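Student: what follows is a protein structure lacking sequence information:
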């Protein structure tokens, strides 16, 4: 079974992935941020490195999805391939940080890749306001994220809301992060766990 967590930068995807992996005994697949050779360069010069970064993520996520389906295990994934294609790449193009030529090349590559993959059995979307995102980004203190622009986060949030409202590839669960603290409050985490079990196994 494949469970995936979607959400903007700073929404808590990695934290929730770790907590759910521990609770359910699921294998966790994380976003490749520590070894990503483009992230630092991207935040320093988005226009120069946007295409390189997005292709790197697309390749990394495609490999993850193939590995997940071939593993035969229940896996929880930190961020989906759909977010790269429907949120991050279009957002960079609209902000004039990725050329039309590069964006069309990228979109064509994703379109081909998407014919080889299956969507997750359950998509968990972490919905968060920009102030919550900023607070959580500052809290974790990644140096390369210090230069993230507010308009960039706001624009991404708008894309996320549009995408999740139309998502119909499988089951989805929306968690409002502004109203819940699953990282420090076990009761809040318990609420999420109950909702996940209901989605996966039904209410008995």
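Tutor: On my side now, so go ahead. Here the structure is a predicted model, which means the values were calculated and not measured. Numbering: from 1, shown residues only.
Student: ranges for the helices of this protein?
Tutor: 13-24, 39-44, 46-71, 81-83, 89-94, 100-114, 130-140, 150-166, 186-201 (DSSP state H).
Student: so what's the gap between the longest one and the chain middle?
Tutor: If I follow you right, that is helix 46-71. 12 Å (C-alpha atoms, centre = their mean, to the nearest Å).
Student: repeat for the last one
Tutor: Offset of helix 186-201 from its chain centre (C-alpha atoms, centre = their mean): 20 Å.
Student: residue 2 touches residue 121, doesn't it?
Tutor: Yes - Residue 2 lies in contact with residue 121 (C-beta atoms under 8 Å); the separation is 5.3 Å. C-beta coordinates here come from the backbone N, C-alpha and C atoms, glycine included.
Student: when those two are compared, which one has more neighbours?
Tutor: More neighbours surround residue 2 than the other of residue 2 and residue 121, with 24 against 14 (other C-beta atoms under 10 Å).
Student: centroid residue for the chain?
Tutor: The C-alpha lying nearest the average C-alpha coordinate of the chain belongs to residue 79 (C-alpha atoms, centre = their mean; 2.8 Å).
Student: what's the neighbour count on the spatially closest residue to that residue that is not a sequence neighbour?
Tutor: Distances taken as C-beta to C-beta, 6 or more residues apart in numbering put residue 31 closest to residue 79, at 4.9 Å, once the chain neighbours are dropped. Neighbourhood size, residue 31 [other C-beta under 10 Å]: 19.
Student: which stretches of this structure have low pLDDT?
Tutor: Within the chain, the ranges that satisfy pLDDT under 70 run 144, 147, 203-204.
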